[in-house]
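> pasting the sequence and the predicted coordinates here, then a few questions.
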Amino acid sequence: MFTGIVEKTGKVIDIIKDNTNVHFVVEVDFADELAIDQSMSHDGCCLTVVKVDKEKKQYVVTAMLETMLKTNLSTWQKGYEINLERSMKMDGRFDGHIVQGHVDQTATCTKVVDENGSWRYYFEYEPQEENITVPKGSISVNGVSLTVVDSAPGMFSVAIIPYTQKVTNFHNFKVGTKVNIEFDVFGKYVARLLKQYMEAK
């Protein structure tokens, strides 16, 4: 379980293909604090640490074929900057929203607008029945907990303050960038229940 508050950005150092699996070697300054079997959010995708090199401050995570097909991990290259968040502590403050680390689908950045002190990012995605947004609702974009500004079927926008722009990989986004999206878990449950209710009538 995560909150969508990015701790650091890490860097992809190496990519190793192993049959249908892909191992990513990631460098980040808190790698020496990690342990094997630990869950971490990588651009909003929950992956398990399988190896740690504390001296080099590097660790390894493995993505299976299903993960590669449904996320933006297939676009990662050496040097790619990843948003990272370790799993939530039960005794800490809940600063974002409930993020499971289960990417629902990808979306594509269609426009970036400089609003003289903040930035507005627009995204489009293939509409799916339970993947919905609402104005002022929550959404996770590459693991970042954000508030929806504009909302319509298959599109939404979010506004980014300078701090978020600096400490996440949003500063690398441009038109055409593919991102991982996790829709608000409560919204998905409501959509599912409404669908079941309407089908039962």
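Cool, the structure landed.
> tally of neighbours for residue 71?
Using other C-beta atoms under 10 Å, the number of residues around residue 71 comes to 25. Every residue, glycine included, has its C-beta placed from N, CA and C.
> residues contacting it?
43, 45, 63, 103, 106, 180 (C-beta atoms under 8 Å, 6 or more residues apart in numbering).
> could you measure from residue 150 over to residue 23?
38 Å (C-beta to C-beta, to the nearest Å).
> cool, and residue 190?
Residue 190 is 38 Å from residue 23, by C-beta to C-beta.
> all the strands of the protein, in order from the start?
For the chain, applying DSSP state E gives strands covering 8-18, 21-27, 39-42, 45-53, 58-63, 81-86, 105-114, 119-124, 138-141, 144-152, 155-160, 178-183.
> please look at residue 115 and residue 160 and confirm they touch.
No: in this structure, residue 115 is not within contact of residue 160 by C-beta atoms under 8 Å, at 9.4 Å.
> these two: who's more crowded?
Neighbour totals were compared for residue 115 and residue 160, and residue 160 leads with 21 against 9 (other C-beta under 10 Å).
> how close does the more buried one get to residue 14?
In this view, residue 160 and residue 14 are 30 Å apart by C-beta to C-beta.
> before we move on, what about residue 181?
Distance from residue 181 to residue 14, by C-beta to C-beta: 27 Å.
> ok, residue 97 next?
33 Å.
> residue 122 is in contact with residue 151, isn't it?
No: applying C-beta under 8 Å as the test, residue 122 and residue 151 come out as separate, 11.1 Å apart.
> the more surrounded of the two?
residue 122 (18 against 15).
> spit out the contact partners of residue 112.
Counting by C-beta under 8 Å, 6+ apart, residue 112 touches 119, 120, 121, 122, 173, 174, 175.
> could I get those as JSON lines with distance to residue 201 and pLDDT?
Below are these laid out as JSON lines (distance: C-beta to C-beta, whole Å; pLDDT from 0 to 100):
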{"residue": "119", "distance to residue 201": "44", "pLDDT": "97"}
{"residue": "120", "distance to residue 201": "40", "pLDDT": "97"}
{"residue": "121", "distance to residue 201": "39", "pLDDT": "98"}
{"residue": "122", "distance to residue 201": "36", "pLDDT": "98"}
{"residue": "173", "distance to residue 201": "43", "pLDDT": "97"}
{"residue": "174", "distance to residue 201": "46", "pLDDT": "97"}
{"residue": "175", "distance to residue 201": "43", "pLDDT": "98"}
